[in-house]
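Enquirer: The sequence and its predicted three-dimensional model are supplied below.
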Amino acid sequence: MPRLQPLHVVLTTLALTTATAVARADRRDATDRPNFVVVFTDDQGYQDLGCFGSPDIKTPHLDGLARQGARFTDFYSAQAVCSASRAALLTGCYPNRIGIQGALGPKSRHGINKSEWTVAEVLKTRGYATAIYGKWHLGHHLPFLPTRHGFDDYFGLPYSNDMWPYHPGVAHLPMAERLKRWPHLPLFENEKIINPKVTGKDQAQLTTWYTQRAVKFIENNKDQPFFLYVPHSMPHVPLYVSDKFQGKSKRGLYGDVIMEIDWSVGQIVATLKKHKLDRNTLVIFTSDNGPWLNYGTHSGLALPLREGKGTTWDGGQREPTVMWWPGQVPAGHVCGEVAGTIDILPTLARLAGIKQLPQKHKIDGHDIWPLIAGHEGAKSPHEAYYFYWGRHLQAVRSGRWKLHFPHSYRSLAGRKGGTGGKPTKYTQARTPLALFDLARDIGETTDVLEKHPEVVARLKSLAARARAELGDSATKQVGSGVRPPGRLK
C-alpha cells in the first residue's frame, strides 16, 4: 500500500504541477527528466581521493569519473558537522535558516521541520522515484524520518555510527553506565527498526549493504526518472570495512574504507551503464565536512587546507567533489568557482524541468548548472559564502577573499592525532580578524588584512547582511529569516 504524503506536499505538488512547464536546460540529448545520484561521504578529507592528490589511497573509479567529468576544487559543505551539513544539502538552505545545528543524537527531540522542502520532495512533483541508503541524521523520531520527507525507500542508520555503547568516550565504563549515555545503535528500513543492536560485524557490511540497495533501486526504476541519495556512514569513526577491502590500502584501515567507498561508486556507475542510463544521469560525489583530525591514523587528510572537521577553516568545509554526466559535463573539466551543497537542490530542480521553486520559504542555494557544464565565462552565483559554526558567523568568502572574524577553534597545534581509533585531545586556538587570499594562499597561512582595507570593508558589509537574516550568536542577533526545526509535541 503506498505511503501517504503530508498534506502540505500534496497541495504544493498540485500547484507546482499545474504552474510549471518543462525546462529545456540547454541539453540536446537528454530527456526532460534526467536521473540524479548523490553520494555523500562522512568526515572525508579534501586530499583523500587520487584525483585530489592522495599519494597512498587508490580510488580508480572516482578518478575515472573526474577524468570523464568535472572536478570542483572550491566546493563547500554548509557547516563542518553532520546534521547541519545534511540539512543544507537536502533543503538548499544554510542550516541556520532552518534551525538544524550540530549533530543530533539519540536523545534529540527535534529534526527537520515538515514545512521544509527536501530535494526529494521537490523532485517528486516531477514524478521521480526517490531513495536514501545510508546515514540520515535529521531526526530519528517518526515525524522526521526520510519517508516523511519525500523518500520512497530508506535503509540505514538514523545518526552517526559512533553514537552507540562502544563510543571511545565511554568504552572504559561498565555496559550499564555506557547505555545511560549511548543506547544501542538501530538500523532502519523505512519506518521500522529491523536491527535494534547494530554490531561491529554489521558495521563492516554497511557500505556493501548500501551499495546493494542502490544497485537494486536503479534496476527497479530504470524506466522512470529517479533520485538516489547514498550518504555513507563511513569514513566516520569507528572505521569498519568488509573483507573485500581489509588490508588493501597503504593508508591502513582508513584507506581501506575509502577504497570500499570508491568500489561502491564503481558498482553504481556500472549499473547505470548496464541499463544504458549513464547518458541521462548526473552523478555527484562529495562529503559532509572535513576530517576528524584528532583520530589520527583513523582520520582523513585535508591537505593542503588548514585544520579539519569542526572548524570554519577550509579544511573543515571545502570538500573533494566530482560530477559526472557523459555528454553533458565536459571531460576533464576543473571548476575553481565557489559553490556548495546548498546549490544541489536548485540545480537538480532546474534540470528536472522545474522553473520555479516553492515561494513560501526562501532558500540560499543557486542553480550552478553553468559551472557544472563548463559554460564559457560561467562564474559563481554566490556574491558571498558564509561560514557558521553553530550560530556563530566566523568567516565569509567572496571570490578569492576569505575574512575570518575573531573566534576560537579547536586544533591539534601541530601535534599528531591518535592511533587505533582512540582520539587525542584538541587544544583551543584563537584567530583575530584576518583576511586571506585563497587564490595565492590555499592553506590560509598569511594574513593580508592590512594590505586590503577595501576588501575587508566589503566583506564586513556582506557579513552584516548575513547576520541580519541568519543571525549571529557573537552579536546576539536572531536573524529575520530563521525558521524553527520540527519538534516532538
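Expert: Looks like it arrived, so ask away. Residues are numbered from 1 along each chain as shown.
Enquirer: any idea where the helices of the stretch 251-400 of the chain begin and end?
Expert: Counting by DSSP state H, counting those that start in this stretch, the segments of the stretch 251-400 of the chain that form helices are 252-274, 314-317, 344-351, 369-372.
Enquirer: okay, the longest one in CSV with CA atoms only?
Expert: Spelled out, it's helix 252-274. Extracted C-alpha coordinates of helix 252-274, given in CSV (Å, rounded to 0.1, in the frame of the first residue of the first chain):
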residue,chain,number,x,y,z
GLY,A,252,45.8,1.3,6.7
LEU,A,253,42.1,0.9,7.7
TYR,A,254,41.2,4.4,6.8
GLY,A,255,42.5,3.9,3.2
ASP,A,256,40.7,0.5,3.1
VAL,A,257,37.4,2.3,3.9
ILE,A,258,37.9,4.9,1.2
MET,A,259,38.7,2.2,-1.3
GLU,A,260,35.5,0.4,-0.5
ILE,A,261,33.5,3.6,-1.0
ASP,A,262,35.3,4.0,-4.4
TRP,A,263,34.2,0.4,-5.2
SER,A,264,30.6,1.4,-4.2
VAL,A,265,30.7,4.3,-6.7
GLY,A,266,32.0,1.9,-9.3
GLN,A,267,29.1,-0.5,-8.7
ILE,A,268,26.6,2.3,-9.1
VAL,A,269,28.1,3.6,-12.3
ALA,A,270,28.4,0.1,-13.8
THR,A,271,24.7,-0.4,-13.1
LEU,A,272,23.9,2.9,-14.9
LYS,A,273,26.0,1.8,-17.9
LYS,A,274,24.5,-1.7,-17.9
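Enquirer: That one: which residues count as buried?
Expert: Going by neighbour count (16 or more other C-beta atoms under 10 Å), the buried part of helix 252-274 is 253-269, 271-272. In this view, the C-beta of every residue, glycine as well, is placed from N, C-alpha and C.
Enquirer: what about the stretch 251-400 of the chain, any weak spots by pLDDT?
Expert: Counting by pLDDT under 70, the stretch 251-400 of the chain has low-confidence residues at 359.
Enquirer: same thing but at 80, please
Expert: Within the stretch 251-400 of the chain, the segments meeting pLDDT under 80 span 358-360.
Enquirer: now do the stretch 1-150 of the chain
Expert: In the stretch 1-150 of the chain, residues with pLDDT under 80: 1-31.
Enquirer: Please enumerate the helices of it.
Expert: Using DSSP H, counting those that start in this stretch, the helices found in the stretch 1-150 of the chain span residues 7-19, 60-68, 82-91, 95-98, 119-124.
Enquirer: hmm, who's touching the third one?
Expert: Same thing as helix 82-91. By C-beta atoms under 8 Å, 6 or more residues apart in numbering, the residues outside helix 82-91 that reach it are 38, 40, 42, 77-79, 93-95, 98, 100-104, 112, 116-120, 135-138, 149, 159-160, 231, 236, 288-289, 340-342, 344-345, 363.
Enquirer: same thing with the second one?
Expert: Where contact means C-beta under 8 Å, 6+ apart, the residues beyond helix 60-68 that reach it are 49-51, 262-263, 265-266, 269, 283, 285, 322, 324, 326, 331-332.
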